Each structure stands twice: as C-alpha cells, then as structure tokens.
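> Structure, please.
(2 chains)
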Amino acid sequence: MRDAILVENLGKHFNRYHVTKPFTIMEAVLSGLQRIKPVEHFWALRGVSFTVEGGKMLGVIGHNGAGKSTLLQLLGKVAHPTEGRIKMRGRVGALLDLGAGFHGDLTGRDNLFVTAIVAGLRRQEVAYRLDRIVKFAELEGFIDNPVRTYSSGMMMRLAFSIAVHTDPDILLVDEFLSVGDLSFQVKCLNRITEMKEQGCAIVLVSHDVSQVERLCDRALWLKQGTVMAYGEPEVVAGQYTSEMRSQTQHRTPHRPPQLTRTGAQLQVNQNRFGSLEAEIIDVRFLPKSAIESGDRLQVEIDYRAQPTVDSAIFSVAVSQEDSKPCLDVNSLEAGIPYIPLQEKGTIRLTLDRLDLSSGQYFVNVGIYKQDWSYAYDYHWHVYPLTVDSKTPSKGILQPPMRWEVVSSKTPQLLPPR
Amino acid sequence: MKQLDQALNPISLRKPGYLWDLLKSLVDRDLKLMYKRSTLGIAWTLINPLLQLLVFIFVFQLIIKIDIPQYSSYVFTGLLAWNWFQNSLFQATGIIIDSRPLIRQPGFPSVTLPVVVVTTGLIHFILALPVLVVFLLIDGVQLTPIVLCLPLLQLIQFGLTVTLSYFLAAVNVTFRDTQHTLGVLLQFLFYLTPIFYEIDSIPERFWYAYGLNPMVHIVTCYRQILIWGVQPDWLALVIIAGVTLILLPIGYRVFRRQSLRFVEEI
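Residues are numbered from 1 along each chain as shown, chains lettered A, B, ... in the order given. Below you'll find the model as predicted:
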C-alpha cells in the first residue's frame, strides 16, 4: 500500500497574547492598540515526521497540551503548518466533537443530510446511503423526530454512523470508543476494522495507552510538541507508561511516615499521593465517624499551604472497602471556581443526608491543582466511616422508603402489622 | 508545490456540483430552522417589512406629511432591499464564532458560510416580491420590460453584501463586540439611505458624502426599474460592481485566515 499520509518535519508556531488582550473594539480603542501584539511565541508542535499507509492505523498518545489536537487540526487542514509538509491522499473524514453540529429543532433526517454533505458527500450519495446510516445508528423509529428529543447516546450513534459511512480515505479520530453502550462500541470497532481492511488510513488520538496498543499498527508519543517515540505500539506504550510512573513519583517528595490525629499512618506513595505543595493536616467527621444511614455528615478538612497556592480544587469521595465508588464530589463542579490557599485553613463539606446502606466505607480526600493536572495531596483509604442502619439492604443505597399496596384484589392476604 | 497549494485551498478540490449541494443543504437548514422556531414561520419575513411599512405610512402620511407619489410602493421597495442587506450583514458577522463545528470539519469550505446567509436573505426577498407586486398594482404602476434588470441588480447587491460580510465576520474574531457595534452603525446607515424620504430632501452640499453609501444607489436603482420604469443608474452600478470585484478576493482571504485562526485559538 502506498502512503496515505506523509508528514515531514511538521511544526506549528503559536503566539501567546497578553492576558489583557482587548476583546472588544471599545477596549482596543481605549488601550491604544498596543496590547494586540503577541508577547510570547512557542512551538505547539515541532519536527514531527511520520507516514501512514492505507489500511493502517496510527495511534497518537501524550498528555494534555502535548500537541495531539494541534496535530489533528493540521492533518484536517483546519490549521496551517508553520513549517514542514503534509501530504494527504484522498478525502479526509473526522470523528471529532461528535454531534456538535446538530440542530435540536431539526429532525434526525435533516441533520443527517446536512452533516453528511458537510463531510463531503453529494446529495444523491447521502440519499443512497440513508438507510444504511440509519440502520447502523439503530434509529429506524426515530429518524423523523427532532434531535432535541434524542438521548445523548442516540445523538452520538447518529453522528458516528454518518462519519463512518462517508467513505473517507483517511479518518481522523479523537477518542471514539466512548460512543454509546458496550454493544454499540463493539459495532463501532468492527466498522473501523472493516474500513481499515478497505484501505482507509486512520489516525487515532487517545489518552488510553492500552487502546492504542490493542488497535494500532504504529504509535507516536508526543511530549511538549516533539516526538518522544515512534514505532511499534507495544514498545512506545511501554516507554510512555514507565515515563508516566516516574513522573508521578518524581513529583511526590520523600518524607517519613506521619500519623493523623486519629492515629492512622500516612505513608507517601502508599496511601498518600501528591506534590505536598499544599497538605491535608486533618480530616474530621461531624458529628462522628460512625453514623446512622440518612444522617447528616460534615467533612472538615484542615489544610496547610507552603507558602501559598493561588487556587485549588477540593475533592471528597466515599468508597466501599473494595474501592467501589459511592460518591465523588469536588468544589470545582459544585461551582466554586477558585479556592486560594494561604497558610492554614479549613474547608467543610456538608452532606445533608447520606443514604448509604450499612457497612464500612472510606472517605478519600484530596486537594488538586486548578487544572486537575496533579494532586497536591490525596489521602486514600485513610479515614474510615461506619454507617449503621436499622433495616438491612443490599447494594449501596438506603434511601428513605416505604412500601404501600396501592391496589389489590385480595387485600386480606396482607396481614395488618 | 502546486499540489500543496491545492490541498491548502479546499475549494479548488471540489467540483462545482458539490459546492452547489452544500450551499443548498445549508440554506435549506437555515430556512427550516427559521420555519420551525416560530409558529408563523416564513410568514414572519413578510409580516416584518409590512409592519415597518405601516409605521412609516402612519408617521409620514398622517402625522408629518411627506409628498411622495406611490408612497407604499416607494417605501416597501426600499425596505425589502434594506432588510436583506441589514439582516445578512448582522447574521454573517457572527458566522465564524457560531459555526465552530462546521469550520472544524476537515476540508469544509468555510468561505461558503456568508454566502449561505446572504442567499437565505435573497430567498426571503424573492418570497416577498409578490406582495410588492400587489402594492405596485394598487399604486397604479405599469411594469415595463426594464423590470428584467431585477436579477442583475440583486446579483450586484448580493456581491456587495457577501464582500462586506467577509470583512465583518473576520473582524468579529478579533473583536467580539463587532455585532453590537454594527447594530448601531446599521441603524445610522438606515437613516442615511433614502428609504422613507426622497433623495432630493438631502441638501445639495452633502450629496457627495451621501453618495458614498452604496445602498443609496442600490435602493434608487430598484425604484427606477420597478416603480418609475426607467433605466437604472448604470454608472453607479458599474462603480459598485467594480469596487466589489476588487474587494471580494481580499475579503475572501481575510475571512479564510481569520476562520483558521479562530479554530487554532481553541
């Protein structure tokens, strides 16, 4: 097979602007147009070379900000390379932000036509493939309903189905396997394999190393815009994983074991992880660490920051002893964008009721960097919580409940208590 | 090198047939959206200028008397041309920001987007023409063969609007308040266009500056061919068409550059 994608010494240069770059005409006039100039330049991607043959799949792995999406944009020709060369043979299709172009007020059919034509098909071609697309998306009974009535799964299925039925010669994929339920994912995978066999060249961008290892014929590891490794997926994935592990350990400083106030031992890299730029000094449960199901529970976290941390995210998670998660909340998603940490302080989370079934739980507590990139301090399986309940139940939940017989022809069968 | 140039310019890769399909489906989508979002649907596009007309007739025939013959036809012609111009510019200004998913699609010719907006406006204009004809008949206007110049006139206005749209949409990427600023500017321009008053009411010493507004000439030309049945002001039309032809490729490039920049900014 000849090369479908040829990339040579690709580089993309970005300008970073002043944070107060004017966003409106008014501001620009007032600030005298000086701050429009970029203050800094950086390479989002540099010296990247690879080829993908028709019928092969390349996996691209790397952290956020490693240049993966920039690479996809360049391959999709929605951005110009600053240097280097890209050669793409044939029509390029993409599985990027699936369903983002749909209009809720239009029917599935209308959206299907527009999306497929935008992806590069002629109108008759879409009409000819219509049945196949709808069948693959499993939307036969719904295609003439407005898309706003669709569940997110249905929307994804439709978007995916359109994208894989436009017969691209090259397919760009951004994390596709989160589409729909398990059986649909299997179907998607089969379809992708089928396209590969028909000679489609695929570029898959993924966080999931094992996925790249499983599916791809070659792998490319990007770090800060440059190629760290390029070759057999097993080899690249191995290098990537070991580098990630050493990174985390590198961030976690060595420190002798500490004791919490309740006497549990905190040991770095065993039940405590993080850079310790900010530390959790103590965690208290109010009223106490053994509660009745449905009781109110307050979690107070004492922290210390040395010297100060501009902004952090607090997270509290309740899990069963076997680590099965029951509750996972954080301050960011609760709508508190910034929590600046200065020296010492306390954060309190109030759960008005905790309707867990009786058992032993752990409360895992963490402080994270504002962009979730790593933890400052995370205590795992340190703080036990006991929940008691008068009525036993299986499973995780024990909500307030009552049974009632609403209608029954033979009420006398239920003896009064 | 030639191949690379071609690849960087998706339009040249496409057959005209495909672009036609794309334009048709996007216009079709816009019309359907408009139709579905209000109970009155497409009728709104008729009711709107009719209500405006009613206001002008009320104010300038009953309160302040302006003596213009065939006043309903006179104002309605102006309103149709102006509304097409104003609505298209207003919508097209936000088009890059509003169409992120489309622009991110590999190979999508984003430069068609303002064309879609202006075409949708043109369709509304054409749908309103029967109503205009009714006004013309009521006002006792005799249509002459010069009416056949109408498509040419629409083509010139189309080109002018698309060209301006390219620039405005491009500016809006850098300055997100362009749309608001434009609203005020367009209102100003509305009064600087002879829509409800006669061009002769403008003092002669301002004529030169006043004439710099291309819509002055376009609106007048519509009236010349539709109401008065005379030759349109060919000189003005040739100048507008010429300037459009010079600015269109520049606007096209600026728009393309800015839409790429917008996608990169994410």
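> residues in the stretch 101-250 of chain A within reach of chain B, list them.
By C-beta under 8 Å from any C-beta of the partner chain, the part of the stretch 101-250 of chain A that sits against chain B consists of A:101, A:103, A:105-106, A:110, A:113-114, A:117-120, A:122-123, A:172. The C-beta positions use only the backbone N, C-alpha and C, and glycine is treated the same way.
> Going by distance to chain B, which of those wins?
Chain B has its nearest neighbour among these in residue A:101, at 3.7 Å by C-beta to the nearest C-beta.
> Give me the phi and psi for the closest residue in space to that closest one that isn't next to it in sequence.
Of all residues not flanking residue A:101 in the chain, residue B:101 sits nearest, at 3.7 Å (C-beta to C-beta, 6 or more residues apart in numbering or on different chains). The phi/psi pair for residue B:101 (degrees, to the nearest 10) reads phi -60, psi -40.
> that older thread, so which of the residues of the stretch 101-250 of chain A next to chain B are in strands?
residue A:172 (DSSP state E).
> Taking the residues of the stretch 101-250 of chain A next to chain B, tell me the two that lie furthest apart.
By the measure C-beta to C-beta, A:105 and A:172 form the most distant pair in these, at 28.8 Å.
> residues touching residue 158, list them.
Picking chain A for this. Residues in contact with residue A:158, defined by C-beta atoms under 8 Å, 6 or more residues apart in numbering or on different chains, are A:99, A:102, A:108, A:111-112, A:133, A:137, A:139, A:147, A:150.
> that's the wrong chain, I wanted chain B
Residue B:158 is in contact with B:118-119, B:122, counting by C-beta under 8 Å, 6+ apart.
> mind giving me a markdown table with these and columns for distance to residue A:376, neighbour count and pLDDT?
Output for the contacts of residue B:158, formatted as a markdown table (distance: C-beta to C-beta, whole Å; neighbours: other C-beta atoms under 10 Å in any protein chain shown; pLDDT from 0 to 100):
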| residue | distance to residue A:376 | neighbour count | pLDDT |
| --- | --- | --- | --- |
| B:118 | 54 | 26 | 96 |
| B:119 | 55 | 19 | 96 |
| B:122 | 59 | 18 | 95 |
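> right, and out of the residues you listed, which lies closest to chain A?
Nearest to chain A among those, with distances taken as C-beta to the nearest C-beta, is residue B:119, at 14.9 Å.
> wait, is that closest one part of a helix?
Yes. Applying DSSP: H, G, I helix; E, B strand; the rest coil, one finds residue B:119 inside a helix.
> Flag every buried residue along stretch A:230-245.
Within stretch A:230-245, the residues that count as buried by 16 or more other C-beta atoms under 10 Å in any protein chain shown are A:230, A:233, A:236-237, A:240.
> Show me the contact partners of it.
Contacts of stretch A:230-245 (C-beta under 8 Å, 6+ apart): A:50, A:59, A:61, A:209-210, A:212-213, A:216-221, A:228-229.
> let's see 6 Å
A:61, A:209, A:212-213, A:216, A:219-221, A:229 (C-beta atoms under 6 Å, 6 or more residues apart in numbering or on different chains).
> got it, and stretch B:243-258?
Stretch B:243-258 has contacts (C-beta under 6 Å, 6+ apart) with B:111, B:159-160, B:163, B:166-167, B:169-170, B:173.
> what's the distance between residue B:145 and residue B:246?
32 Å (C-beta to C-beta, to the nearest Å).
> how about TSV for the contacts of residue B:158, with distance to chain A added?
Converted to TSV, these look like this (distance: C-beta to the nearest C-beta, whole Å):
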residue	distance to chain A
B:118	18
B:119	15
B:122	20
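> Residue numbers of chain B in contact with chain A?
Contacts of chain B with chain A, taken as C-beta under 6 Å from any C-beta of the partner chain, map to B:18, B:21-22, B:25, B:29, B:32-33, B:36, B:101-102, B:104-108, B:175-177, B:181, B:260, B:263-264.
> Pretty sure residue A:298 sits against residue A:350.
Yes. If you go by C-beta atoms under 6 Å, residue A:298 and residue A:350 touch, sitting 5.0 Å apart.
> Between those two, which has more neighbouring residues?
Using other C-beta atoms under 10 Å in any protein chain shown as the criterion, residue A:298 and residue A:350 rank with residue A:298 on top: 13 against 10.
> What helix or strand is that one located in?
Here residue A:298, judged by DSSP states H and E, is contained in strand A:297-309.
> Distance from the chain centre to that strand, please.
27 Å (C-alpha atoms, centre = their mean, to the nearest Å).
> do the same with stretch B:47-58
Once both centres are worked out by C-alpha atoms, centre = their mean, stretch B:47-58 turns out to sit 19 Å from its chain's centre.
> Now do that stretch, average pLDDT.
Averaged over stretch B:47-58, pLDDT sits at 89.
> Residues in contact with it: which ones?
By C-beta under 6 Å, 6+ apart, stretch B:47-58 touches B:75-76, B:79, B:83, B:196.
> related to what we said a few turns ago, save the contacts of stretch A:230-245 as TSV, and put in secondary structure, pLDDT and neighbour count too.
Shown next, in TSV, are these (DSSP: H, G, I helix; E, B strand; the rest coil; pLDDT from 0 to 100; neighbours: other C-beta atoms under 10 Å in any protein chain shown):
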residue	secondary structure	pLDDT	neighbour count
A:61	strand	89	28
A:209	helix	81	19
A:212	helix	86	26
A:213	helix	86	20
A:216	coil	90	23
A:219	strand	92	26
A:220	strand	92	27
A:221	strand	90	24
A:229	strand	87	18
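> Closest one of those residues to residue A:264?
residue A:209 (33.3 Å).
> where are the low-confidence patches of chain A?
Applying pLDDT under 70 to chain A flags residues A:1, A:16-23, A:25-40, A:176-180, A:245-254, A:262, A:269, A:373, A:408-417.
> Point to the residue nearest the middle of it.
Nearest residue to the geometric centre of chain A (C-alpha atoms, centre = their mean): residue A:207, 8.7 Å.
> Tell me the spacing between the closest residue in space to residue A:348 that isn't next to it in sequence and chain B.
In space, and not counting its chain neighbours, residue A:348 is closest to residue A:300: 4.9 Å by C-beta to C-beta, 6+ apart. Separation of residue A:300 from chain B (C-beta to the nearest C-beta, to the nearest Å): 39 Å.
> now do residue A:194
Residue A:194 is 21 Å from chain B, by C-beta to the nearest C-beta.
> What's the first helix or strand after the helix or strand harbouring that residue?
For residue A:194, the host element (DSSP H and E) is helix A:182-197. Counting by DSSP H and E, the next helix or strand C-terminal to helix A:182-197 is strand A:201-205.
> mind checking which helix or strand residue 159 is in?
Just going to use chain A. helix A:152-164.
> sorry, should have said chain B
Assigned by DSSP H and E, residue B:159 falls in helix B:150-174.
> Pull out the buried positions in that helix.
B:150, B:153-154, B:156-174.
> May I ask you to confirm that residue A:4 belongs to a strand?
Yes. Checked against three-state DSSP, residue A:4 lies within a strand.
> In chain B, where's the longest helix?
helix B:234-264 (DSSP state H).
> could you give the angle of that one to helix B:150-174?
Here the directions of helix B:234-264 and helix B:150-174 differ by 30 degrees (axes from the mean of the first three to the mean of the last three C-alpha atoms, to 10 degrees).
> Check the offset of helix B:234-264 from the chain's centre.
That offset, for helix B:234-264, works out to 14 Å (C-alpha atoms, centre = their mean).
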